[in-house]
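Asks: Build me a structure from this.
(chains A and B)
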Number of protein chains: 2
Amino acid sequence: MPKIWSETIAAHRDAVRDATLDATAALVAEHGLTGVTMSQIAKSTGIGRATLYRHFPDVEAILRAWHDRQIDDHLRRLLEIRDRTPGPLNRLEAVLTGYATATSHRRAHDPRLNALLHSGEHVAAAHEHLREFVRDLIADAAGTGDVRRDIPPDELATYTLHALSAASTLDTPSAVERLVTLTLSGLRAPA
Amino acid sequence: MPKIWSETIAAHRDAVRDATLDATAALVAEHGLTGVTMSQIAKSTGIGRATLYRHFPDVEAILRAWHDRQIDDHLRRLLEIRDRTPGPLNRLEAVLTGYATATSHRRAHDPRLNALLHSGEHVAAAHEHLREFVRDLIADAAGTGDVRRDIPPDELATYTLHALSAASTLDTPSAVERLVTLTLSGLRAPA
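Replies: Numbers count the residues shown, from 1 in each chain, chains lettered A, B, ... in the order given. Have a look, this model is predicted:
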């Protein structure tokens, strides 16, 4: 098979996959976790049921794949923020603001959907990745004396991510900004 | 029915109820949510199945009742700490330490069990009660200038409870103490 042809197939497969994830997320948001069938998803995506089943065994598998994609996009954006912001303290503040803002936009799932989405290995791995990423930014800022050194960066990262999870209850950018200010006040070197 | 007799019946009913909750929590901890039947619970509690069904329709109802009792005990202990500690800042610190310590001892449930236990109205009401309780302690400490006034007590309380939820990942009393120190640093009046 010529290379151009295999690339076309791969691109088509990715496009089908992305369209399926988007359609499923929209259907579940509208009808709830138990109100969506594979037939509806196939119809909404505009592909045959047989094709859909070649990609995914069931609705839950599609939702997990959708959630994994969300997480990867989220982490990628935080890495971009880190790479374009100079200075350890500014960098830390910019990344934490990005994280809190994304958290405040997260749609509230029903508890069963949450349990499904957060039980996967991908989520645990991504969470560990995020924790290490934040811990390293904190350690850098502790190195320049901008962040306290009386508590290990590991514990500071755990505190930070839990404190910022409060953003899921906040509606306005200014409230999110105040939460980041508060959380950073905890991290700052004691006077 | 003489009063003494109705009191004996009430005490007996409470004792059966408490024993049922304890036995169910122990069985679920050992066998998991789906591995426990009403028959096992009746046997373990030492009562008949018919008696058990007069008190509870199913295992989930018993678990919810058990969790509600845990929450009430937890809140009562925090109220006791508040009432015996003098001074707004000391009082706030003592209650937050009590809350974080209890959170660090909380057994990690599996996600499905968590979804079941946290979907009830009692949990939502208790959480709101706790948030108001902490918000009032924060407002008192802001009144004496010990806590910052540039952010509303309501947002400070949301930050505080989320930050302290990190205690569920901590194993030692000294790590819990450091988490409380950090969280309070965020709350303190900016220099």
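Asks: Return the distance of the longest helix along chain A from the chain's centre.
Replies: Ranked by residue count under DSSP state H, the longest helix found in chain A is helix A:3-31. Computed by C-alpha atoms, centre = their mean, to the nearest Å, the separation of helix A:3-31 from the middle of its chain amounts to 19 Å.
Asks: Give the buried residues for stretch A:173-191.
Replies: Neighbour-count burial for stretch A:173-191 flags A:175-176, A:178-188 (criterion: 16 or more other C-beta atoms under 10 Å in any protein chain shown). Where you see a C-beta, it was placed from the backbone N, CA and C, and this is true even at glycine.
Asks: Also stretch A:151-162?
Replies: Within stretch A:151-162, the residues that count as buried by 16+ other C-beta under 10 Å are A:151, A:153, A:155-162.
Asks: Could you list the domains of chain A?
Replies: Under the assignment automatic domain parsing, the domains of chain A span A:1-56, A:59-191.
Asks: which helices and strands does the longest helix of chain A pack with?
Replies: With contacts taken as 3 or more C-beta pairs under 8 Å, 6 or more residues apart in numbering or on different chains; DSSP states H and E, helix A:3-31 sits against helix A:38-45, helix A:49-55, helix A:59-84.
Asks: do that again at 6 Å, thanks
Replies: For helix A:3-31, the contact count by 3 or more C-beta pairs under 6 Å, 6 or more residues apart in numbering or on different chains; DSSP states H and E identifies helix A:38-45, helix A:59-84 as packing neighbours.
Asks: Could you dump the ones you listed into a markdown table with mean neighbour count, distance to chain B and mean pLDDT added?
Replies: Below are these laid out as a markdown table (neighbours: other C-beta atoms under 10 Å in any protein chain shown; distance: least, C-beta to the nearest C-beta, whole Å; pLDDT from 0 to 100):
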| stretch | mean neighbour count | distance to chain B | mean pLDDT |
| --- | --- | --- | --- |
| helix A:38-45 | 17 | 23 | 94 |
| helix A:59-84 | 16 | 13 | 92 |
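Asks: re earlier: now the weakest link among the domains of chain A, please, by mean pLDDT.
Replies: When these are compared on mean pLDDT, domain A:1-56 scores lowest, with a mean of 87.
Asks: gap between it and the chain center?
Replies: Averaged over its C-alpha atoms, domain A:1-56 has a centre that lies 21 Å from its chain's centre (C-alpha atoms, centre = their mean).
Asks: Ok, stretch A:52-62 next?
Replies: Stretch A:52-62 has its average C-alpha position 21 Å from the chain's average C-alpha position, going by C-alpha atoms, centre = their mean.
Asks: what's the first-to-last distance across it?
Replies: Stretch A:52-62 has an end-to-end distance of 10 Å (C-alpha to C-alpha, to the nearest Å).
Asks: Tell me how far the nearest residue to residue A:66 once chain neighbours are set aside lies from residue A:76.
Replies: Spatially, and ignoring its direct neighbours in sequence, residue A:66 is nearest to residue A:21 (4.1 Å; C-beta to C-beta, 6 or more residues apart in numbering or on different chains). Counting by C-beta to C-beta, to the nearest Å, the separation of residue A:21 from residue A:76 is 16 Å.
Asks: what does residue A:114 give?
Replies: For residue A:114, the distance to residue A:76 under the criterion C-beta to C-beta works out to 23 Å.
Asks: what's the answer for residue A:142, then?
Replies: Distance of residue A:142 to residue A:76, given as C-beta to C-beta: 26 Å.
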